[in-house]
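Peer 1: quick one, what's the 3D model for this:
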Amino acid sequence: MMGRTIFIDPGRCIGCQACVSACRECDSHRGQSMIHLDYPDEGHSVASLPTVCMHCEDPVAPCAEVCPADAILVTADGVVQQADTTRCIGCANCVNACPFGVPKIDLAAKLQMKCNLCYDRTSAGLAPMCATVCPTGALFYGTVDELRAERPGVQVADSFTFGRTTVRTGVAMVVPADKVQWPVPGGLPVISVNGVDVAGAGRDAARPDATGPQATGEADPR
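Peer 2: Numbers count the residues shown, from 1 in each chain. Modelled structure (predicted):
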């Protein structure tokens, strides 16, 4: 993970949407929020989950790798920028490549938009807008040492599996200390393909040498 970064702590999120409102104030995309705030069991649970760009480190930014126009740049400190407006062709390759479902396409402008870690602020030593306004600390900006000084014993993950691929990220997520498994399974399990039950077959195909739970054949929830 990056030295100073966002730590997402889903257990602290109350779904207040303060981060969503603050994100709209960023100068690079004023009026539009780049945060996904999901309610995974809406109507049955108050659980909520904020998702920002995870700034993938290995493989380096899948969104940038598949961009045919070289519109998505990665800074020297690991921040994956949103698409250059002078180069983006709105092809949506990045949307399909992102395992976390982060990039958005403005269909009218034919332009990709996503979280860039408030680079105008973080490059100057300030915290991103979302972390600044979060009332519960569900979005924490700082170093892992600063996080653990404030929350002793906290466990964080920056590696996630999608099928047989492991993605290491610049942004990290807080995980329950009693359920720590590395790497953390990402996405949702695919239950069927074209009406055919593949859940059992996926479990049978899991690698025996894995160090953590392998959720095979996964897809992003968005």
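Peer 1: for the rest of this, base every contact and every neighbour count on C-alpha atoms.
Peer 2: Will do.
Peer 1: so what's Arg4 up against?
Peer 2: Listed by Cα atoms under 8 Å, 6 or more residues apart in numbering, the contact set of Arg4 reads 141-144.
Peer 1: with adjacent residues omitted, what lies nearest to Gly170?
Peer 2: Met1 (3.9 Å; Cα to Cα, 6 or more residues apart in numbering).
Peer 1: typed the wrong thing, it's Gly3
Peer 2: Thr143 (5.7 Å).
Peer 1: the one you found: neighbour count?
Peer 2: When counting by other Cα atoms under 10 Å, one arrives at 16 neighbours for Thr143.
Peer 1: test my guess that it contacts Ala149.
Peer 2: No. Judged on Cα atoms under 8 Å, Thr143 makes no contact with Ala149 at a distance of 9.9 Å.
Peer 1: related to what we said a few turns ago, highest neighbour count among the contacts of Arg4?
Peer 2: Tyr141 (23 neighbours).
Peer 1: in what helix or strand does the nearest residue to it once chain neighbours are set aside lie?
Peer 2: Counting by Cα to Cα, 6+ apart, the nearest residue to Tyr141 once its immediate chain neighbours are dropped is Ile6, at 4.5 Å. Element membership of Ile6 [criterion: DSSP states H and E] is strand 5-8.
Peer 1: tell me the mean pLDDT over that strand?
Peer 2: In this model, strand 5-8 has a mean pLDDT of 96.
Peer 1: give me the three-state assignment for Asp145.
Peer 2: Secondary structure for Asp145, judged by DSSP: H, G, I helix; E, B strand; the rest coil, is helix.
Peer 1: with the one 3 residues further on instead?
Peer 2: Assigned state for Arg148: helix (three-state reduction, three-state DSSP).
Peer 1: let me see the contact set for the closest residue in space to it that isn't next to it in sequence.
Peer 2: Nearest residue to Arg148, sequence neighbours excluded (Cα to Cα, 6+ apart): Val154, at 6.0 Å. Contact analysis of Val154 by Cα under 8 Å, 6+ apart lists 147-148, 174-177.
Peer 1: which residue packs closest to Val80, ignoring adjacent ones?
Peer 2: Per Cα to Cα, 6+ apart, closest to Val80 is Val74, 4.4 Å.
Peer 1: show the pLDDT at the one you found.
Peer 2: 95.
Peer 1: what number of residues lie near it?
Peer 2: Count around Val74 with other Cα under 10 Å applied: 17.
Peer 1: in this structure it contacts Gln81, no?
Peer 2: Yes. Look at Val74 against Gln81 with Cα under 8 Å: they come within range, at 5.9 Å.
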